[in-house]
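Asker: Here is my input; please provide its structure:
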Amino acid sequence: MRNEIIEKYKKEGKIVPATYDVVFKSVMQDEKCRDFLIEIICECTKLKKNYVKKNLVIGNNEFPVKNINEKRKITDLVISVNSNIINLEMNNYYYIGLIERNDIYLNSLRSLKVGQEYENLNKIIQINFDNFELFDERTIIKFMIMDEERHIKETENYEKYHINLKRIKEKYYNKEVLTLFERRLLILALDNKKDLEKIAGEDIMMENVKEKIITLSEEDAMILCYDEEEHKEKVRRAVTATEKAEARKIGFAEGHAEGHAEGRAEGIKKGHKEGLEEGKQIIIKKLIDNGMSKEEISNVTGVSLENIKDI
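Answerer: Here you go, the predicted model:
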């Protein structure tokens, strides 16, 4: 079975895309792909390229992976550019709590060092690569903490960016025009060698990224790990869809039963009320037949004089 999976990938020209976390972090930490990393940071944050190139430091103490056996060496991708702390996140799948999870990690980067004052805190930036459409069709969306009505920023020291990889991939397959930056981002989302080589073209920056992805994709262990994760994700989504369908069925059944019970209870309540009214009328008629005045009947029963007259 393992050999069949590997054979299928190689026969169909499939690659392990950089949306897979191991490949993504390995590409972003590779010295040969440094210009590509700088390009993304500058395009999102608008920091000057020379400034980033001069001051960029990869914060991890771990080495970029050369093969799948070194997967344990990949840690969270944190980069510093002087006072800017930049966290890169590849979000291959969306799930409830994803944004909150990334926020928790981002906030952990804001912790004060010994002797550091609040006014000297670093600027925290997170760049999210989303392999799904979470907000809208824009390539890059910037988030900051600001007043909703007047758009006054509360702080300059917190920024988040979301890059819509899914939309870029759709534009490519629909033969829509891509900007140069979109073409460069697209290389992270492609899952076959033919498209990868086509989009890289003669661009040296993209050529280095392409070679890194292909090299990692040629490893049998990498293919198997990626395929296994994809399979697990399909199972998870199928289970989630089944649970939602069952929940809808149960909700409908419970709603139907509840509605039936409520209707039954309402009917009993209405019948009880109508029964009391009918009983009152019979009593009032008997009291009238026995010669009791309307005023006296009103005092005894609590029924108004007008209603007694109607009866």
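Asker: pLDDT wise, what is T75 at?
Answerer: If you check T75, the pLDDT there is 53.
Asker: my bad, should have said L305
Answerer: 78.
Asker: Same question for R110.
Answerer: 71.
Asker: Would you agree it is in contact with L121?
Answerer: Yes. In this structure R110 lies within contact range of L121 using Cβ atoms under 8 Å: 6.5 Å. (C-beta placed from N, C-alpha, C; glycine too.)
Asker: Within its sheet, name the partner strands of the helix or strand hosting L88 and how each one runs.
Answerer: Per DSSP states H and E: L88 is located in strand 84-91. Pairing partners of strand 84-91, with direction, according to DSSP bridges: strand 77-81 (antiparallel), strand 123-130 (parallel).
Asker: so what secondary structure elements neighbour the helix or strand following it?
Answerer: For strand 84-91, the following helix or strand on the C-terminal side (DSSP H and E) is helix 98-108. When contacts are defined as 3 or more Cβ pairs under 8 Å, 6 or more residues apart in numbering; DSSP states H and E, helix 98-108 packs onto strand 84-91, strand 123-130.
Asker: can you give me how far helix 98-108 is from the chain middle?
Answerer: When distances are taken as Cα atoms, centre = their mean, to the nearest Å, helix 98-108 is centred 12 Å away from the chain's centroid.
Asker: just stretch 5-23 next, same as before
Answerer: With Cα atoms, centre = their mean, you get 24 Å for stretch 5-23.
Asker: Sketch out the helices for the stretch 51-200 of the chain, chain order is fine.
Answerer: Ranges of helices within the stretch 51-200 of the chain are 98-108, 165-173, 180-186, 193-200, based on DSSP state H, counting those that start in this stretch.
Asker: wait, which of the ones you listed is closest to L56?
Answerer: Minimum separation from L56 across the helices of the stretch 51-200 of the chain (Cβ to Cβ) falls at helix 180-186, 17.5 Å.
Asker: how far is that closest one from where the chain is centred?
Answerer: 22 Å.
Asker: Pull out the buried positions in that helix.
Answerer: Residues of helix 180-186 classed as buried by neighbour count (16 or more other Cβ atoms under 10 Å): 181-186.
Asker: Over to stretch 210-217?
Answerer: 210, 212-213, 216-217.
Asker: from those, which single one is nearest F36?
Answerer: Distances from F36 to the buried residues of stretch 210-217, taken by Cβ to Cβ, are shortest for K212, at 9.4 Å.
Asker: Next, the closest one: phi, psi?
Answerer: Phi and psi for K212, reported as degrees, to the nearest 10, are phi -70, psi -40.
Asker: quick one: contacts for it?
Answerer: 26-27, 30, 32-33 (Cβ atoms under 8 Å, 6 or more residues apart in numbering).
Asker: about what we covered before: reformat the helices of the stretch 51-200 of the chain as JSON lines; add distance to V57.
Answerer: Formatted as JSON lines, the helices of the stretch 51-200 of the chain follow (distance: least, Cβ to Cβ, whole Å):
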{"stretch": "helix 98-108", "distance to V57": "18"}
{"stretch": "helix 165-173", "distance to V57": "26"}
{"stretch": "helix 180-186", "distance to V57": "23"}
{"stretch": "helix 193-200", "distance to V57": "27"}
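Asker: picking up where we left off before, the more surrounded of R110 and L121?
Answerer: Per other Cβ atoms under 10 Å, whichever of R110 and L121 has more neighbours is L121, with 17 against 13.
Asker: Please read off the pLDDT at the more buried one from the model.
Answerer: The model's pLDDT for L121 equals 76.
Asker: From Y226, how far off is it?
Answerer: Distance of L121 to Y226, computed by Cβ to Cβ, to the nearest Å: 38 Å.
Asker: got it, and D30?
Answerer: 18 Å.
Asker: before we move on, the earlier item: could you point out which of the buried residues of stretch 210-217 is nearest to N131?
Answerer: Scanning the buried residues of stretch 210-217 for proximity to N131, where the rule is Cβ to Cβ, the winner is I213, at 14.8 Å.
Asker: Does that closest one fall in a helix, a strand, or a coil region?
Answerer: helix (DSSP: H, G, I helix; E, B strand; the rest coil).
Asker: In contact with it, which residues?
Answerer: 15-18, 23, 27, 187, 196.
Asker: Can you select the buried ones from these in ChimeraX?
Answerer: Here the buried members of those are turned into a ChimeraX selection, burial being counted by 16+ other Cβ under 10 Å:
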select :15,16,17,18,23,27,187,196
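Asker: Grab the two from the contacts of I213 that are most spread out in space.
Answerer: Among those, V16 and I187 lie farthest apart (Cβ to Cβ), at 13.2 Å.
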